[in-house]
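**Q** Would you be able to build a 3D model of this:
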Amino acid sequence: MAEDGDWNWGGCEPLRDGETKAVVDERRYLRKDGTVVGGLRSITAISEDGVPRYTLAIVQDITERLNTERTIHYMA
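**A** Numbers count the residues shown, from 1 in each chain. Modelled structure (predicted):
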């Protein structure tokens, strides 16, 4: 989503610049059907001979957890 920044590298400058080997953050993603889901995004740099060559990205759906947290906050 636009307010979450660039999908690809937004918030990953330390990884891209070689300052860290991994970045983890929470993002919102827009499905094809228009619904919004929460995702825990983990991106890791994979190096060969000490040189970053590839990135591995995993996104875990955390929508249910976020909804539960909102419900608890509302009830408090």
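
**Q** buried residues in the longest strand seen in the chain?
**A** When the chain is parsed with DSSP state E, its longest strand is strand 36-48. Using 16 or more other CB atoms under 10 Å as the test for burial, strand 36-48 gives 38-39, 41, 43-45. Just so you know, the C-beta spots here come from the backbone N, C-alpha and C atoms, and that holds for glycine as well.

**Q** any idea of the mean pLDDT in the next helix or strand after it?
**A** Next helix or strand after strand 36-48 toward the C-terminus (DSSP states H and E): strand 51-61. What strand 51-61 shows for mean pLDDT is 89.

**Q** in the sheet, who's paired with Val59?
**A** Applying DSSP bridges to Val59 gives these bridge partners: Arg41.

**Q** and what of Val37?
**A** Under the criterion used here (DSSP bridges), Val37 is bridged to Tyr29.

**Q** Quick check: the gap between it and Glu69.
**A** Distance from Val37 to Glu69, counting by CB to CB, to the nearest Å: 14 Å.
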